[in-house]
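In: This is a predicted model, with the sequence first.
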Amino acid sequence: MSNITSMRNISVANYFIHAVISNAVKNGLDPKQLLASAGISSELLKQQNARIPAVKLGKLQTITIRAMKDEFLGYGPGRYTPGTWNNMCYSVINCATLGHALARYCRFYQMFEWGLQPHFNIVGDEARLTIKMSEPAYEFENYAYELVMFNLHRFSSWITQQHLPLIAVNLHYPAPAHAAEYRHLFLGQPVYFNQPRTEMIFHSSLAALPSQQNEQSLQRFLQHPNLVFLIQQYDEKSWTARVRVIINKHLIDTPGIDEIATQLHLHPQTLRRRLAHEGTSFNEVKTQCRQDSALYYLGKSNLSIEQIAQR
């Protein structure tokens with residue numbers, strides 16, 4: 001069963017506040033009024049290291065989309081009028097598997113002649129969701145890619161009711177100043193910059209995961225989709241996620257793969273194979289957990305580097 005309340009305390013960098021309201025002025029809107037409607041102090045815009053609750057960011061996104069009448073928040077040469085997302089959801093809700101849903105998701109957005117178009121294909125052991133520019137001459141800002149990629153990953157997770165494990169998130173642009181946020185943006189999945197393509201890659205076997213949703217659950221989801229994407233948490237079903245949970249509980253004295261395999265009632269070699277099947281390894285998961293923990297504590301201004309290293 002999903003658990004939203006456990007994620008209500010997560011926060012995001014104020015970069016995302018700037019990104020959401022960035023194009024509001026061009027549309028004749030007052031950013032301060034949008035922020036006030038979402039319960040966010042405009043003073044936070046001046047504080048480089050400030051963070052806000054993800055719940056408030058979700059509210060700000062919803063308010064700004066409605067005010068701008070654009071689900072793409074002004075980041076494209078044309079608008080996705082409010083209701084575009086709902087129509088896409090209804091077009092995929094009866095798909096039996098994740099792969100079928102993603103293929104239809106991509107076909108839906110390919111009907112628009114402008115914007116960032118997703119493409120889904122499976123080659124061997126890899127399933128790829130590649131983002132292509134329909135208008136190469138138009139310069140899309142980083143947040144346009146972040147928005148599309150984030151929605152794709154969280155929608156895939158919602159469809160299957162588990163955080164979809166990824167082999168890689170590849171981005172064609174250099175690491176931005178807020179690159180540390182990408183660990184949280186993509187739930188600890190490996191992120192690489194300066195790549196030939198912008199894409200998400202996962203093991204092709206996951207395309208066969210059955211959809212866990214129906215029209216009734218879709219109606220509930222569509223009441224607050226931005227909020228669900230930002231704070232929804234699921235029972236950890238992938239082996240990568242299960243290993244990550246154990247490691248995060250014992251970061252100081254991290255157990256080895258033999259001990260973790262015993263806790264999961266598996267032979268160590270079986271656990272290695274299952275992690276490899278999901279596109280990762282025990283050492284990679286352990287490294288990611290430590291990086292995530294370090295980034296979290298670096299955001300706590302009351303801790304010194306020495307204290308963080310000790311933790």
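Out: Thanks, I have it. The model shown is predicted, which means the values in this text are computed figures rather than measured ones. Residues are numbered from 1 along each chain as shown.

In: residue ranges with poor pLDDT in this protein?
Out: Across the chain, the ranges flagged by pLDDT under 70 are 1-9, 235-237, 292, 295-303, 311.

In: Just give me the longest helix of it.
Out: helix 142-160 (DSSP state H).

In: Give me the contacts around stretch 142-156.
Out: Under the contact criterion CB atoms under 8 Å, 6 or more residues apart in numbering, stretch 142-156 has outside partners 19, 22, 72-73, 75-76, 98, 101-102, 105, 116, 118, 129, 131, 164, 166, 169, 171, 173, 176, 185-187, 189, 198, 200, 228-229, 232. Placement of C-beta: from N, CA and C, glycine included.

In: can you dump the C-alpha coordinates of the longest helix of the chain into PDB?
Out: Provided in PDB are the C-alpha atoms of helix 142-160 (Å, rounded to 0.1, in the frame of the first residue of the first chain):
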ATOM      1  CA  ASN A 142      17.200  22.600 -18.400                       C
ATOM      2  CA  TYR A 143      14.000  22.700 -16.400                       C
ATOM      3  CA  ALA A 144      12.000  21.600 -19.500                       C
ATOM      4  CA  TYR A 145      13.900  18.400 -19.600                       C
ATOM      5  CA  GLU A 146      13.800  18.000 -15.800                       C
ATOM      6  CA  LEU A 147      10.000  18.400 -15.900                       C
ATOM      7  CA  VAL A 148       9.500  15.900 -18.700                       C
ATOM      8  CA  MET A 149      11.900  13.300 -17.300                       C
ATOM      9  CA  PHE A 150      10.600  13.700 -13.700                       C
ATOM     10  CA  ASN A 151       7.000  13.200 -14.800                       C
ATOM     11  CA  LEU A 152       7.900  10.200 -16.900                       C
ATOM     12  CA  HIS A 153       9.700   8.400 -14.000                       C
ATOM     13  CA  ARG A 154       7.100   9.300 -11.400                       C
ATOM     14  CA  PHE A 155       4.200   8.300 -13.700                       C
ATOM     15  CA  SER A 156       5.900   5.000 -14.400                       C
ATOM     16  CA  SER A 157       6.300   4.400 -10.700                       C
ATOM     17  CA  TRP A 158       2.600   5.300 -10.100                       C
ATOM     18  CA  ILE A 159       1.500   2.900 -12.800                       C
ATOM     19  CA  THR A 160       3.400   0.000 -11.200                       C
END
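
In: Name the surrounding residues that touch the next helix or strand after it.
Out: Using DSSP states H and E, the next helix or strand after helix 142-160 towards the C-terminus is strand 168-170. Residues from elsewhere that reach strand 168-170 (CB under 8 Å, 6+ apart): 149, 153, 182, 186, 189-192, 195-201, 279.

In: Of those, just the buried ones, PyMOL syntax please.
Out: Buried residues within those, by 16 or more other CB atoms under 10 Å, are selected in PyMOL with:
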select buried, resi 149+153+182+186+189+190+191+198+199+200+201+279
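
In: what two of the contacts of strand 168-170 are the furthest from one another?
Out: Farthest-apart pair in these is His153 and Pro196; separation 19.8 Å (CB to CB).

In: hang on, the earlier thing: for the longest helix of the chain, which positions count as buried?
Out: Those would be 143-160, for helix 142-160 by 16+ other CB under 10 Å.

In: the strands in the protein, which residues?
Out: Counting by DSSP state E, one finds strands in the chain at the ranges 11-13, 51-53, 116-123, 126-133, 168-170, 191-192, 198-203.

In: Does Ile159 touch Gln212 like I think?
Out: Yes. With contacts counted by CB atoms under 8 Å, Ile159 reaches Gln212, the gap being 6.9 Å.

In: ok, the residue lying farthest from the centre of the chain - contacts?
Out: Most distant from the centre of the chain: His267, at 31.8 Å, with distances by CA atoms, centre = their mean. Contact analysis of His267 by CB under 8 Å, 6+ apart lists Ala261.

In: Contact partners for the nearest residue to Thr280 once chain neighbours are set aside?
Out: Among residues not flanking Thr280 along the chain, Thr240 sits closest, at 5.4 Å (CB to CB, 6 or more residues apart in numbering). Shown in contact with Thr240 (CB under 8 Å, 6+ apart): 165, 275, 278, 280, 285.

In: cool, Glu199 as well?
Out: Contacts of Glu199 were listed using CB under 8 Å, 6+ apart, and they are 128-131, 169-170.

In: could those residues go into a markdown table alongside distance to Leu222 and neighbour count?
Out: Converted to a markdown table, the contacts of Glu199 look like this (distance: CB to CB, whole Å; neighbours: other CB atoms under 10 Å):
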| residue | distance to Leu222 | neighbour count |
| --- | --- | --- |
| Arg128 | 28 | 18 |
| Leu129 | 22 | 23 |
| Thr130 | 27 | 16 |
| Ile131 | 24 | 24 |
| Val169 | 26 | 22 |
| Asn170 | 30 | 22 |
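
In: Looking at these, which is nearest Tyr138?
Out: Within the contacts of Glu199, proximity to Tyr138 (CB to CB) peaks at Ile131, which comes in at 13.6 Å.
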